[in-house]
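*Asks:* sequence and predicted structure are below.
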Amino acid sequence: MASKGSILLVDDDRDIRDSLRIILEGNGYTVRMAVNGREAMESLESNMPDVMILDIMMSTDTEGFDLAYELKNKPQFTNLPIIILTSFLDKVREEGPDQYQHILGESWPAKWMFEKPVAPKKLLAKIESILGV
Amino acid sequence: MMQDVPANGPRELPEEIDEQKRVVYKELKQRTLWFIKLRWFVPPSIAIGSVVAEQIGFRLSLGILFATAAFIFAYNTVFHFMSRRQDPDIVRERAYIRNLTRWQFGLDFGAMFVLIHVTGGIASPLIFFFIFHIIFASILLPPRSSYGFATMVVAGMIAMTAAEVTGRLTHHPLVLNGKSVNLIELPVHLLIILVFFGASLYITAFFTSSIMTMLRKRISNLVDLSEAVKRLNRKLNALYAMTQAIGSIRRFEQVLKIVTTELGQVMGVVGISIKLLSQDGKELRFVAADGLVADVFKSKVVEVAKSPLNREIIEGKPFVTGHVTRREMFQFGEDLAAAQIQSVLFVPLVVEEKVIGILGAYCKYPERFTPEEVDFFRQAAGLVAVAIENAQAYESIEELIQERSKFMMRVAHNLRSPLAAAISILDVVRGGYQGELNEDQSEYLRRIDRRIRTMLAMINELLSLAKSREVRRALAHKPVDFKLLAGRIERTFQDEARHKGIIFEMQVPGTMPVIQGDADMVEQALENLVSNAVKYTPAGGKVRAEFSAAADGSVKIQISDTGIGIPTADRAQLFSEFFRAENARVMDEHGTGLGLALVKEIVDQHGGRIIVESEEGLGSLFVVHFPGPARRLD
């Protein structure tokens, strides 16, 4: 069966990685994984995915955002859809869109955020709508 | 050279002004009394003058002249005794003296008219004496009186001359040796005129100048006083500005900057410095300096052990010098000399009897700092010390809050992550990705899922509770839009209510007053209340949320339900953490017991009140009051 799309999954938690991988592959997607920002960048540069699922708090409190911000300035990644996963939706909301506007802004596609644990149905539905399958 | 600051300060300003007034009136009174003294000479002069004139050859109406002299003597005696009276009340005394003066002039003029009439009327040499009389009247009396007298004299002279010319009054010409004195004809006549003329001028000049000198002196005193008042006013304004700064500005550097610039301006010095004592009391570090000394002292440190001067100041004795001569006394004496500083003033900065540093003023002029200035500087130092303490305290509190916030965030993250991971794994298994499950397996896994989610919810609520209990979130004082909140709550719960078969009503008036507070927290509180109402109301029941405003700008929210109600026994503990009423436990196994604790916390933080009315089996009513901007209900 042809892959519906390729997904890069970036999270430092092994259980989250394994669970999401099983769910995504079980629904026809190809999944590559990275455990931190550096690995993610390497993977992105060698192989552009269709969607990236990105955790925020990894080895540092803002590693996910740091990566997203770095990508924003690289033209080849401006159209990469990014779904952000965070344990901390409240905090992000609290700090204000102003703080993270440059990452979550209208002009840039990282505008989807889910709080962990994310319901598999929701995640799959979102990916489908992004990829237009 | 150490100078001691005097124990009592300069005299109070109102006293000073009163004293000056008293002096002025006293001197005016002296002048008036002088007049009385001078008048003693007049009757004898008239008598002697008339006799001498008769001898020379003039023919005068001696009778009238002597009578007038006696009259003058008489009223002068009266005035003499009347002037002895002293009235301690300045205002009354002033009026009394004025009246006395008016009477003196009035009677004098009367006597003058008689004398002039019998010595030739309009041709009398005595008319010159009116001149200095009028000048004196203008100095001692208000304008109305002096103009009045002038008019009286002119009118009188006109009347008298007219009467003499028309013959109604006998003209008494000056007759010398049988001949009428024609003033221009003989030198002796001219001499007489000139003598009288000259005499009047000199008398006038004498009196007028002495009075004017006195007045000028007093005027200059008053100008000085007025300057002093203005200076005081400026100082008060500076102190006020500093007080404002202490109240409203929190940042340490800003407070220091404002204080040094304001002080520098008001004292009119080239530099102000603030040194703070280190924790161990061994070092004084320059933290702020304004003006000329800013570059000199930037970041310099004074070792207390090496500076007896600073040690003494720390022990409480201010240091003043008008001449920075012994440079070795100052740790930075060379720098001071280079900046041409001649006067220096240091006072300790004291907060609650603890010395926290030294405030210094520097001036290029010698002998600059009077005891008055030292006093003011000490008062200013009091304010500066408080400002510094406050700013430092505020900054350390802010740091604490930041640290705590970060800590809480990490705690929450570390507690949530494993739970989120566990649920993800459960999702995989329950989703059949690892193989199909039978009913029992599904059910048990569902229970695991449920318990873990409850725990996640509890962590979220505990986090909220901890956050709301932090040092008052003064940071989140923004307008709370109740209409917006109401709308959001309605959207959040209407589906759930519909699925449960409950009627959910929301009532919000057209306009709601705007309250200052933390909108997120308020929303959370209302959500918890509505969530409870919906949770504990069985199908077919009703939940109602009603918003209303009171005249005083406060907001009332009533959330009522027809649910299971709250047993009376449980009423007391209702808002305690983790408490769950028995009947609630039956209805929903997995509640956290934190919802109402959070609601109470939030309402308290906003200075509001919450009241519960309930009957088991019938329903509950929660009423929350949020006070308006003017009043807090705590």
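*Replies:* Perfect, thanks for sending it. It should be emphasised that the depicted structure is a prediction, and the values quoted were computed from it without experimental measurement.
*Asks:* any low-confidence regions in the stretch 301-450 of chain B?
*Replies:* The model of the stretch 301-450 of chain B has pLDDT under 70 over residues B:324-331, B:333.
*Asks:* where exactly do the helices run in it?
*Replies:* Ranges of helices in the stretch 301-450 of chain B, per DSSP state H, counting those that start in this stretch, are B:308-314, B:333-338, B:371-430, B:439-468.
*Asks:* looking at the ones you listed, which is nearest to chain A?
*Replies:* helix B:371-430 (3.7 Å; Cβ to the nearest Cβ). From N, CA and C alone the C-beta is placed, and that goes for glycine too.
*Asks:* ok, and the closest non-adjacent residue to B:Q265?
*Replies:* B:A238 (7.1 Å; Cβ to Cβ, 6 or more residues apart in numbering or on different chains).
*Asks:* could you dump the helices of the stretch 301-450 of chain B to JSON lines with mean neighbour count and distance to B:D280?
*Replies:* Formatted as JSON lines, these follow (neighbours: other Cβ atoms under 10 Å in any protein chain shown; distance: least, Cβ to Cβ, whole Å):
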{"stretch": "helix B:308-314", "mean neighbour count": "18", "distance to B:D280": "13"}
{"stretch": "helix B:333-338", "mean neighbour count": "15", "distance to B:D280": "25"}
{"stretch": "helix B:371-430", "mean neighbour count": "17", "distance to B:D280": "17"}
{"stretch": "helix B:439-468", "mean neighbour count": "15", "distance to B:D280": "36"}
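*Asks:* and those as TSV, adding distance to chain A?
*Replies:* Shown next, in TSV, are the helices of the stretch 301-450 of chain B (distance: least, Cβ to the nearest Cβ, whole Å):
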stretch	distance to chain A
helix B:308-314	45
helix B:333-338	46
helix B:371-430	4
helix B:439-468	8
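*Asks:* so for B:S83, which of those sits nearest?
*Replies:* helix B:371-430 (39.7 Å; Cβ to Cβ).
*Asks:* tell me which parts of chain A are close to chain B?
*Replies:* Neighbours of chain B within chain A, by Cβ under 8 Å from any Cβ of the partner chain: A:13, A:15-16, A:18-20, A:22-23, A:26, A:57, A:61, A:87-88, A:90-91, A:94, A:116-120.
*Asks:* just the buried members of the residues you listed?
*Replies:* Among these, those classed as buried by 16 or more other Cβ atoms under 10 Å in any protein chain shown are A:13, A:15-16, A:19-20, A:22-23, A:57, A:61, A:87-88, A:90-91, A:116-118, A:120.
*Asks:* please name the bridge partners of A:M33.
*Replies:* A:L9 (DSSP bridges).
*Asks:* what about it, neighbour count?
*Replies:* 18 (other Cβ atoms under 10 Å in any protein chain shown).
*Asks:* tell me the confidence at it?
*Replies:* Note on A:M33: pLDDT of 95.
*Asks:* do B:A630 as well
*Replies:* 60.
*Asks:* spatially central residue for chain A, please.
*Replies:* A:I53 (2.0 Å; Cα atoms, centre = their mean).
*Asks:* same deal with chain B?
*Replies:* B:Y240 (5.4 Å).
*Asks:* how much space between it and chain A?
*Replies:* Plainly put, B:Y240 is 37 Å away from chain A if you go by Cβ to the nearest Cβ, to the nearest Å.
*Asks:* if I look at that residue, how far off is B:R231?
*Replies:* Look at B:Y240 and B:R231: by Cβ to Cβ, to the nearest Å, they are 15 Å apart.
*Asks:* one more: B:F41?
*Replies:* In terms of Cβ to Cβ, B:F41 sits 49 Å off from B:R231.
*Asks:* go on, B:R168?
*Replies:* Going from B:R168 to B:R231 by Cβ to Cβ gives 67 Å.
*Asks:* the more surrounded of these two?
*Replies:* B:R231 (15 against 10).
*Asks:* which residues touch that one?
*Replies:* Shown in contact with B:R231 (Cβ atoms under 8 Å, 6 or more residues apart in numbering or on different chains): no residues.
*Asks:* ok, now B:M512?
*Replies:* By Cβ under 8 Å, 6+ apart, the contact set of B:M512 is B:D481, B:F482, B:K483, B:F547, B:A549, B:V555.
*Asks:* could you redo the last one with a cut-off of 10 Å?
*Replies:* B:V480, B:D481, B:F482, B:K483, B:L484, B:L485, B:A486, B:F547, B:S548, B:A549, B:V555 (Cβ atoms under 10 Å, 6 or more residues apart in numbering or on different chains).
*Asks:* which SS state does it fall under?
*Replies:* Taken by DSSP: H, G, I helix; E, B strand; the rest coil, the conformation at B:M512 corresponds to coil.
*Asks:* now it. Nearest residue, chain neighbours left out?
*Replies:* Using Cβ to Cβ, 6+ apart, the closest residue to B:M512 is B:F482 (4.4 Å).
*Asks:* local confidence estimate at residue 103?
*Replies:* With no chain named, the answer covers chain A. 55.
*Asks:* ah, I was thinking of chain B
*Replies:* pLDDT, B:W103: 86.
*Asks:* close to chain A: what parts of chain B are there?
*Replies:* Contact residues (Cβ under 10 Å from any Cβ of the partner chain) of chain B with chain A: B:405-406, B:408-410, B:412-434, B:449, B:452-453, B:456, B:459-460, B:463-464, B:467, B:476, B:520.
*Asks:* how near is A:M58 to B:S45?
*Replies:* 118 Å.
*Asks:* longest helix anywhere in chain B?
*Replies:* The longest helix of chain B (DSSP state H) is helix B:187-248.
*Asks:* which SSE is B:A288 in?
*Replies:* Assessed by DSSP states H and E, B:A288 sits inside strand B:283-291.
*Asks:* show me what counts as buried in that strand.
*Replies:* The neighbour-count check on strand B:283-291 (16+ other Cβ under 10 Å) flags B:L284, B:F286, B:V287, B:A288, B:A289, B:D290, B:G291 as buried.
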